[in-house]
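K.L.:
sharing a model prediction with you, sequence too.
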Amino acid sequence: EFLPILEKETTICQLDFFVFEQVCKDIRGWIDSGFEPVRVSSNFSKVHLRNPNLADDILNIMHKYNISSKLIEIELTEVSDFDDNVAMHKFVNTLRSNGVSVSIDDFGTGYSTLNVLTNFDVNVIKLDKSLLDHIDERQTQEKIVLKNMAGLMNELNKEVVAEGVENSKQLEFLRDINCNMVQGFIYDKPLPKAEFEKRLQDKHMY
């Protein structure tokens with residue numbers, strides 16, 4: 001409930017950077033403790049794109065904690081109606097040229113989402129949970145849309161992540177359409193840090 005208020009006030013920017021710095025601290029702590037980290041995705045609101053130094057600010061925090069670019073993914077939220085193409089190009093290209101993965105969250109919910117695919121060199125697309133909500137009720141139209149979305153992303157050599165996967169029917173359908181990554185309660189609910197570290201330490205497999 002409070003996130004839209006923070007976005008309106010632009011204080012969301014302070015929160016996003018607070019979280020991102022904590023992510024980098026945690027990754028550094030895992031490395032120093034001998035854990036093998038996984039790539040962590042950190043959310044940034046489109047409000048940040050008004051900052052011309054956004055990509056450099058992100059890279060500076062990574063350098064501060066000596067974090068490899070392969071361990072970070074920057075996830076942009078709700079950019080389907082963002083109309084400053086110059087700012088978006090600069091941000092995406094700077095991060096990609098430094099080896100940092102860039103993803104678009106909630107893909108498929110806005111009318112301008114295809115603009116993101118054709119104009120910006122992002123490498124990860126996250127399909128919005130709403131596209132999957134009724135997939136196990138034989139909603140043919142949703143299945144056709146998802147199948148073709150996944151096929152398009154694969155042809156464009158982008159990683160496709162389906163969000164909000166909660167049951168085996170959804171998972172089976174996503175396997176059938178070659179959606180190569182999923183996230184959702186079918187594997188885990190959000191975990192406390194200590195529980196997540198057990199996953200890293202024990203090389204937990206599903």
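P.N.:
Okay, I see it.

K.L.:
how many neighbours does the residue lying closest to His134 once chain neighbours are set aside have?
P.N.:
Leaving aside its chain neighbours, His134 sits nearest to Glu142 (6.2 Å; criterion: Cβ to Cβ, 6 or more residues apart in numbering). The way it works is simple: take the backbone N, C-alpha and C, and place the C-beta from them, glycine included. When neighbours are counted by other Cβ atoms under 10 Å, Glu142 registers 17.

K.L.:
what residues are up against Gly151?
P.N.:
Residues near Gly151 by Cβ atoms under 8 Å, 6 or more residues apart in numbering: Ile177, Asn178.

K.L.:
now the residue most central in space within the chain: how far from Glu142?
P.N.:
Nearest to the geometric centre of the chain sits Glu75, at 4.0 Å (Cα atoms, centre = their mean). Counting by Cβ to Cβ, to the nearest Å, the separation of Glu75 from Glu142 is 23 Å.

K.L.:
output the contacting helices and strands for the helix or strand of the chain with the lowest mean pLDDT.
P.N.:
Sorted by mean pLDDT, DSSP states H and E, the helices and strands of the chain end with helix 113-119, the least confident at a mean of 76. Under the contact criterion of 3 or more Cβ pairs under 8 Å, 6 or more residues apart in numbering; DSSP states H and E, helix 113-119 touches helix 85-97, strand 101-107.

K.L.:
save the ones you listed as TSV, and put in mean pLDDT, mean neighbour count and distance to Glu36 too.
P.N.:
Formatted as TSV, those follow (pLDDT from 0 to 100; neighbours: other Cβ atoms under 10 Å; distance: least, Cβ to Cβ, whole Å):
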stretch	mean pLDDT	mean neighbour count	distance to Glu36
helix 85-97	90	17	23
strand 101-107	86	21	18
